[in-house]
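K.L.:
Sequence and predicted structure below; questions after.
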Amino acid sequence: MSKSVDSALEVKNLTKVFHGHSFFRGKQETSAAGKKETGDGDFTAVDRVSFTVKHNTIFGLVGESGCGKTTLARSILFLDPPTSGDVIIDGTNLKNLTHRNLRLFRKRMQIIFQDPNSALNPKLSIKRSLEEGLRNQKYSSGKITGRIDRLLDLVGIPVSCKNKYPHEFSGGQKQRMVIARALSLEPEFLVLDEPVSNLDVSIQAQIINLLMDLKKQFSLTYLFISHDLNLVSYLSDEVAVMYRGRIVEQGPVLAIMENPLHPYTKKLLLSIPGNIEKIKNRENAEIFLTGKKPGKDVELFSLTGCSYYNECPVREDFCLKEEPSLRIVGIGHLIACSNDKYLKNQLLYKS
Amino acid sequence: MKRSSVSSRLMLGAVIYLVILGAAAIAAPVISPYSPTDQHLENRFAPPGHKYILGTDNFGRDNFSRMIYGSRSALLVGIVSVSIAVTIGITVGIIAALSTGIIDNILMLLMDSVLSFPTILLAITVVSFLGYGLLQVMTAIGVIFSPVFARLVRAEALSIKTEEYVEASRAMGSPAVKIVFLHIMPNLMGKVVVQASITFALSIVIEASLSYLGLGTQPPTPSWGLMLKDARNYLVQAPWMSIYPGLALAMTVLSFNIIGDTLSEKINPRIVKK
Amino acid sequence: MKRILQQIIIVVLILLLPAGVLLAKGQKEERALQFALPGNPDTLDPQKTSGTLTFQVLKSIYDTLVEPDQTGKIVPALAEKWSVSTDSLTWKFTLRKGVVFHNGDKLTSRDVKATFNRIRSKKTASPKAKEFGAIKEIDTPDDYTVVFKLKEPSAPFLAALASGWGAILPESLIDSGHNFASEPVGTGPYSLSKWVRDSKIVLKKNPNYWMKGLPAIDTVVLDIIPERSVVVQGIISGQIDIAYRVDKDDLPTLKANPDVKIEKSLSSLILVMAMNSSRPPLNDLRVRQAINYAIDKQKVLDIAYGGGKVIGTFLDYSNAYYKDFTNLYPYDPEKARELIKEAGVTKDTVLQLVLPQNYELHVKAGVMYQEMLTKVGLNVKIKLVDWSTWISEVYRQSKFDLTVIGHTGKLDPDGTLAGYGGMKRYVKWNNPECLSLINKARVTTGFEARKKLYDRALEIMAKQVPFMYLGTNYVYNAIRKDVTGFRMTPKLDTLDFRWTEFK
């Protein structure tokens, strides 16, 4: 596992399909919107997603709830292995690991969940929750105690609390413990799945600051998942925007924030209050927020072309013919849109 | 407020009754004035009095002693059959919850088909296969009630499985067995305990019913069901033969049900606090 | 609350149901005799069943050549007299003249011949065909003489002729393939008027019956009531006139009613605790004797079986061939204990007492036996089995140490005793002498000659005790006080209404 590899995480063509219910396959939970039906009750929750995260950076992933963000996160960590595609972490393709080796590898990648209330087993004391991973890695008892104390110290929880149970703590404290647990195995790469969205606003900043401190201290790499483009743009080095299982736009944070190209990205950015001034190509802001180009909408299940067609203000008939693939429009800036005319117009503002 | 104080008093009563019953069962040889199987043929149908506190039966056996020894059968049946049911139920339920697809479906189909039979009928069928006797009855009851636990455990395990702490545990590389014992089991035990206390009561009733039908406890071993069976021919002549074992049976069942209800309110506190 | 009310209503309705059935039955014009029958006969063809209920009903519809009287002695019926040749192979019966069937046919020797040819025919497939297996041929020298030629001497032959399966059918209807199963035609005191399944069988008096002046009652209704409590209520309220074989637990209720009388009679049962006499330690005579000493027989009879007469050997008390051996093994637990010690049987030896679970009385007796045997130092464990298991495992395969059962006494003692002393019988008691005595008695005719042989065989059985002989119990019929003359045929237990009348 040499550090010579440039990227901490490389996701290639990752696709996750949920199968419908049958006696032989059993039931796979499928939730809400954002999934494409592909027949036989199968749903494609994540569709050919590719991106790369460099060492010691934060990669933001934005999209409305149900767009496949969390599914993507779980697939990347192989908690629910992808249907196809590759996940390469620090040069290791997870697909090629044996079951056992995958378990051992897991200490290098961790996840922090949205809801700290559900992320801690209510029947276990803080100490026991924290020592679980350490025991998996066969640490000695003495070492474990020392390590737990250090971890609690690190996230700002009094060590004296370690024999208490989760229900005795506030949401913010719990999230600190979840972070401590995630760090217990000294991972290099962390997925943060909406880590603050369930917390009070006052607490959110504290947790964000803690996460940033820790990143600096341990040279961590984050995949930051959120529906909040504002927060993502504030933290990330690079941003990808997801819509209905696909990445529609991706690029360095500045490029995206100042020059959003995809109509969906635009809509997201424009809907943040007080953000309009920061956007350079903000012409016709209203139509991106509310308007649609006149024309006939298409039933979702028969949609073969661009999945944003029904909501797109700049749609053309040819958008229905083929699915747009990501293409490069700037340095590291990729967009999935077939409307060349529109794009050309937008790119004029670039310089 | 009023409601909860009534229910907590009931709970206290139930617990006290069961503690006394348990103590009587353990100390049966000390408490019983006579051997439960000794026939005093010269004192048949003696009414309750100072020689025989609760009277004697058609063979002149001491009713009180038989009831005390009968509590042993009752509690033994409850403990053993519930243990069997819980063990099978948890094993099957967790395997079903963790395995997807065909195994889950087959296991649940199996459990549902057991559930779909009337309990007593099924118990009679199973016992006729295994042979009559207490051990067979306990096994039968255990097997028959296991689907209830399997269903419960599966449903609970399925919901616990999606909890983020289980995901986190997997992310930390914990093996499945560890996840089951560290996370899933402790979090479903509460509901299992509630179900167990209700099943405990049911299994005592079924043992009594089977013994009443002559399929359960073998005479002359005392069992409440067997006592009631003997008593039914002498309802007028010797009412004490049926009243006391019937009362003991009813109180025991009631007590376990009260405990089950109270526990389930505690675990599932939606309906309380008013 | 609503649910509770519903449940109460349902319970009340269920309780009222039998009462309603009785009320409906209570409406009658001219008084018929109402008799409570516990179930439906399977058929009314006397040659196609072995069902007790069928023969109980058919006793009123059919006659036999000979029949048992109230003491069990076989007396003339359709045959006025009979004689046996000295080699016991030829039996000659002279028929009563002037007997007519319900359909008007006159009874002749041809009817008798046709009847026995029918039951022996493979086509009839009668379960009782083997009872007449000894017949070689049947001659009818004239209209009123029937001659049976036998292959070998057979003393039980006469008993077979006296039993329900010896019923005489009319030749004309046999030839025409008449359906006797639902339309029986005989020479009996009553003819079938109608049979409503699960409800009642109505019998009408045969005005041409050969016994002059009998039967006394015009109509007999057999009410089919399986529920014991309904029968008891019926007899108390007067809607039922006769209930036979009432449960002894119902006796206090019935006795309390001034309009009901209880008639007690000895059953034909031989109540025993059978011992597997080839299994240790029961193969030791001393242990079997000890068990006979250990049981207080009268007490068990009284408490478990509702009273009866103690017996000392393997025949029912009221049997003509019965001989008393009760003084051989009186109740003596002390002696029992000594014998067991002498035989070296300890508490380590477990004796399994198998009880047929569906026979509550035997189970009750078993519980008492167990207690009494425990008191003399034996270790007895009870095992309840269902009836089919008892038949296959205990009776057919002898998989038991001890078991409690009642043997039905037969009209001929051979029916009870055949095979004992040989290993084919379930008690596995080997005594060639006893076996040969019983075999010899089967082919010997003449009561005295046979009795000598049976006396000897019964004495061996009484002394060698392959059983613990308990006794013959009483049975109780509950009868309304204004009804007299109801009889049950000894051993056959059939219902005889010929002398029954209202006072």
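P.N.:
Everything's here; your move. Residues are numbered from 1 along each chain as shown, chains lettered A, B, ... in the order given.
K.L.:
how about the nearest residue to C:Asp332 once chain neighbours are set aside, what does it touch?
P.N.:
Using C-beta to C-beta, 6 or more residues apart in numbering or on different chains and skipping the chain neighbours, the partner closest in space to C:Asp332 is C:Tyr293 (4.6 Å). The way it works is simple: take the backbone N, C-alpha and C, and place the C-beta from them, glycine included. Counting by C-beta atoms under 8 Å, 6 or more residues apart in numbering or on different chains, C:Tyr293 touches C:Tyr329, C:Pro330, C:Tyr331, C:Asp332, C:Pro333, C:Lys335, C:Ala336, C:Leu339, C:Val376.
K.L.:
Now restrict the residues you listed to buried residues only.
P.N.:
Buried members of the contacts of C:Tyr293, scored by 16 or more other C-beta atoms under 10 Å in any protein chain shown, are C:Tyr329, C:Tyr331, C:Asp332, C:Pro333, C:Lys335, C:Ala336, C:Leu339, C:Val376.
K.L.:
In contact with the second one, which residues?
P.N.:
Put plainly, it is C:Tyr331. Contacts for C:Tyr331 were tallied using C-beta under 8 Å, 6+ apart; they are C:Tyr293, C:Ile295, C:Asp296, C:Lys297, C:Gln298.
K.L.:
That one belongs to a helix, doesn't it?
P.N.:
No: assessed with DSSP: H, G, I helix; E, B strand; the rest coil, C:Tyr331 is coil; it does not lie in a helix.
K.L.:
how close does it sit to C:Pro252?
P.N.:
To C:Pro252, C:Tyr331 is 28 Å away according to C-beta to C-beta, to the nearest Å.
K.L.:
Pull the most distant pair out of the contacts of C:Tyr331.
P.N.:
By the measure C-beta to C-beta, C:Tyr293 and C:Gln298 form the most distant pair in these, at 14.1 Å.
K.L.:
quick revisit: filter the contacts of C:Tyr331 down to just the ones in helices.
P.N.:
Among the contacts of C:Tyr331, DSSP state H puts C:Tyr293, C:Lys297, C:Gln298 in helices.
K.L.:
Quick one: residues contacting the nearest residue to the last one once chain neighbours are set aside.
P.N.:
On the basis of C-beta to C-beta, 6+ apart, the spatially nearest residue to C:Gln298 that is not a chain neighbour turns out to be C:Val310, at 5.7 Å. Applying C-beta under 8 Å, 6+ apart to C:Val310 gives the contacts C:Lys297, C:Gln298, C:Leu301, C:Thr326, C:Leu470, C:Gly471.
K.L.:
Just give me the neighbour total for residue 225.
P.N.:
No chain specified, so I'll use chain A. 26 (other C-beta atoms under 10 Å in any protein chain shown).
K.L.:
Please refer instead to chain C.
P.N.:
As a burial measure, C:Ile225 scores 25 neighbours (other C-beta under 10 Å).
K.L.:
C:Leu173 too?
P.N.:
So C:Leu173, with other C-beta under 10 Å, has 19 neighbours.
K.L.:
before we move on, back to that, pick the one among the contacts of C:Tyr293 closest to B:Leu152.
P.N.:
Set against B:Leu152, the nearest of the contacts of C:Tyr293 by C-beta to C-beta is C:Val376 (53.0 Å).
K.L.:
can you give me phi and psi for C:Lys341?
P.N.:
Per-residue torsions, C:Lys341: phi -60, psi -40 (degrees, to the nearest 10).
K.L.:
Could you measure from the nearest residue to it once chain neighbours are set aside over to chain A?
P.N.:
Using C-beta to C-beta, 6+ apart and skipping the chain neighbours, the partner closest in space to C:Lys341 is C:Gly377 (7.2 Å). With distances taken as C-beta to the nearest C-beta, to the nearest Å, C:Gly377 is found 58 Å from chain A.
K.L.:
if we can go back for a sec, I'd like the contacts of C:Val310 as CSV, with pLDDT and neighbour count appended.
P.N.:
Converted to CSV, these look like this (pLDDT from 0 to 100; neighbours: other C-beta atoms under 10 Å in any protein chain shown):
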residue, pLDDT, neighbour count
C:Lys297, 91, 23
C:Gln298, 92, 16
C:Leu301, 91, 22
C:Thr326, 87, 17
C:Leu470, 92, 26
C:Gly471, 91, 25
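K.L.:
how about those residues, which pair is most distant?
P.N.:
Farthest pair in the contacts of C:Val310, by C-beta to C-beta: C:Leu301 and C:Thr326, 11.9 Å.
K.L.:
any idea which helix or strand carries the residue of the stretch 201-350 of chain A found nearest chain B?
P.N.:
Taking C-beta to the nearest C-beta, chain B has its nearest neighbour within the stretch 201-350 of chain A at A:Leu223, 13.2 Å off. For A:Leu223, the element it lies in under DSSP states H and E is strand A:221-226.
K.L.:
and what of C:Asp348?
P.N.:
Going by DSSP H and E, C:Asp348 is not in any helix or strand.
K.L.:
what separates it from chain A, distance-wise?
P.N.:
52 Å.
K.L.:
so how many other residues sit close to that residue?
P.N.:
Per other C-beta under 10 Å, the neighbour tally for C:Asp348 reads 6.
K.L.:
Could you find the closest non-adjacent residue to it?
P.N.:
Spatial nearest neighbour of C:Asp348, excluding adjacent residues (C-beta to C-beta, 6+ apart): C:Asn379 at 7.3 Å.
K.L.:
packing partners for the strand holding A:Leu223?
P.N.:
strand A:7-18, strand A:43-54, strand A:58-62, helix A:69-76, strand A:189-193, helix A:229-235 (3 or more C-beta pairs under 8 Å, 6 or more residues apart in numbering or on different chains; DSSP states H and E).
K.L.:
Okay, angle between the fourth one and strand A:43-54 too, please.
P.N.:
Note on geometry: by axes from the mean of the first three to the mean of the last three C-alpha atoms, to 10 degrees, helix A:69-76 and strand A:43-54 are set 70 degrees apart in direction.
K.L.:
Sweet, I'm off.
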